[in-house]
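[1] just to be clear, the model below is a prediction. Sequence and coordinates:
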Amino acid sequence: MQATATRTKVLQRQGAAVALILMVAVSWLVFPRFGSLDNLRDLALQGSFLAVIALGMTFVIITGGIDLSVGSLYALGGVLAAWGSQYGFLVALTLPLLVCGAIGFVNGLLIARTNMAPFIVTLASLLFARGLLLAITDEGANTYQIAPDSAFVELGRGTVFGFGYPIFIAAALAVLGGLILNRTTFGQNVFATGGAEQSAVLLGVPVAKTKIGVYTMSGTLAGLAGALTAAYLQSGVTVIGVGTELDAIAVVVIGGTLLSGGMGTVLGTVIGVGLIKVIQNVINQIGTLDSNYQSVVSGVFLLIVVVLQRILRR
């Protein structure tokens, strides 16, 4: 009886992990190429960019907020990094972090100090960042290239044991994010703000500073993801990032973070990233599905996963 209760508790908390393990096991058996080292490397690399963005989104959603600007900040960060690469590695890396972090700071400031809805504030930032991106690139006509011999390219294309640097960067950030969320006062404030904001205020929790902090973090990480992508692609691609904010929200929620706030884990988000990337990879492995239907299949599968999680929690 106790063993059954324990298994049920594990399923309730790790529904996404169970789904990921089952998905990987089935895919490994059905598609021979799925388990190849090259395919697993590609999976990890593609997932690393989304994981960096989703890490910031995890903190935001735990506070009960939402950040719709990360997709545009992701694209803007890539363009700024590519433009800055002509002035050296330091400029290429710090420029997108500073600009995107500043936009995130403004998001947090408006939300915390004026009590404006996060949806409206970050939607405005989405439009602002995308407009700034188009202005910098002459409405997308100019694509800034990164010289192949640039040291900045190594950040996106360098490898350790065959695995790209972005994978290790995303992993290190995930570990750091988990420690901050679970082992620091700031992390406790994040949970308190999302769990019961009014009670947190009465208890002396710096709710405003916490909100400013998480939105600044979200913007900075989106800019970093854009810089890593630009280094990998060797250019600032203007068309990336459309819908990325929805992907980030999806993986965070699939990982067990409540949209209402107050509950979530970084590990769950990482699992959510893995699950959505495996789904996309399997669809590509099938090869017979038109690209127009890939999003449909992904959406249906993700909906099933979320429903199963709700059932397991009950």
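    Yes, it's here.

[2] now Ser125: how far from Gly104?
    In this structure, Ser125 lies at 8 Å from Gly104, with CB to CB, to the nearest Å as the measure. Glycine gets a C-beta too; all of them are placed from N, C-alpha and C.

[3] now for those two: what residues contact both?
    Taking CB atoms under 8 Å, 6 or more residues apart in numbering as the contact rule, the neighbours common to Ser125 and Gly104 are Ser69, Leu73.

[4] of the two, which one has the most company?
    Ranked by neighbour count (other CB atoms under 10 Å), Ser125 and Gly104 place Gly104 first, with 30 against 24.

[5] beyond the helix-or-strand element of the chain with minimal mean pLDDT, next helix or strand please.
    Least confident helix or strand, the chain: helix 2-13 with a mean of 55, by mean pLDDT, DSSP states H and E. Along the chain past helix 2-13, the next helix or strand (assigned with DSSP states H and E) turns out to be helix 15-30.

[6] average pLDDT for that following helix?
    This predicted structure assigns helix 15-30 an average pLDDT of 84.

[7] all helices of the chain, in order?
    Remark: helices of the chain, listed N- to C-terminal, are 2-13, 15-30, 37-62, 70-84, 89-114, 118-136, 151-157, 165-183, 185-195, 197-202, 207-233, 244-254, 266-286, 291-313; assignment by DSSP state H.

[8] which one of those lies closest to Ser260?
    With respect to Ser260, and counting by CB to CB, the nearest of those is helix 185-195 at 7.7 Å.

[9] for that closest one, which residues meet the burial criterion?
    Within helix 185-195, the residues that qualify as buried are Phe186, Gly187, Asn189, Val190, Phe191, Ala192, Thr193, Gly194, Gly195, counting by 16 or more other CB atoms under 10 Å.

[10] and stretch 130-144, by the same measure?
    Residues Arg130, Leu132, Leu133, Leu134, Ile136, Thr137, Tyr144 are the ones in stretch 130-144 that count as buried (16+ other CB under 10 Å).

[11] now do it, average pLDDT.
    Taken as a whole, stretch 130-144 has an average pLDDT of 87.

[12] thinking again about what came up before, let me know the closest of the buried residues of helix 185-195 to Trp28.
    Within the buried residues of helix 185-195, proximity to Trp28 (CB to CB) peaks at Gly187, which comes in at 35.6 Å.

[13] just give the closest residue to Thr220, not the sequence neighbours.
    Spatial nearest neighbour of Thr220, chain neighbours left out: Gly101 (3.8 Å); criterion: CB to CB, 6 or more residues apart in numbering.

[14] residues contacting that neighbour?
    Gly101 sits next to Thr216, Gly219, Thr220, Gly223 when contact means CB under 8 Å, 6+ apart.

[15] mind putting those residues into a markdown table with neighbour count?
    Putting these into a markdown table (neighbours: other CB atoms under 10 Å) gives the following:
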| residue | neighbour count |
| --- | --- |
| Thr216 | 21 |
| Gly219 | 32 |
| Thr220 | 24 |
| Gly223 | 34 |
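
[16] columns distance to Leu20 and pLDDT on top of those residues, output as CSV?
    What follows is the contacts of Gly101, written out as CSV (distance: CB to CB, whole Å; pLDDT from 0 to 100):
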residue, distance to Leu20, pLDDT
Thr216, 31, 97
Gly219, 28, 97
Thr220, 28, 97
Gly223, 28, 96
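
[17] which single one of those residues is nearest to Ala151?
    The shortest approach to Ala151 among the contacts of Gly101 belongs to Gly223, at 19.0 Å (CB to CB).

[18] OK, contacts around the closest one?
    Counting by CB under 8 Å, 6+ apart, the residues that Gly223 touches are Leu73, Tyr74, Leu76, Gly77, Leu80, Pro96, Leu97, Val99, Cys100, Gly101.

[19] and the gap between it and Leu134?
    Distance from Gly223 to Leu134, counting by CB to CB: 17 Å.

[20] do Glu197 as well
    Note on Glu197: its distance to Leu134, by CB to CB, is 36 Å.
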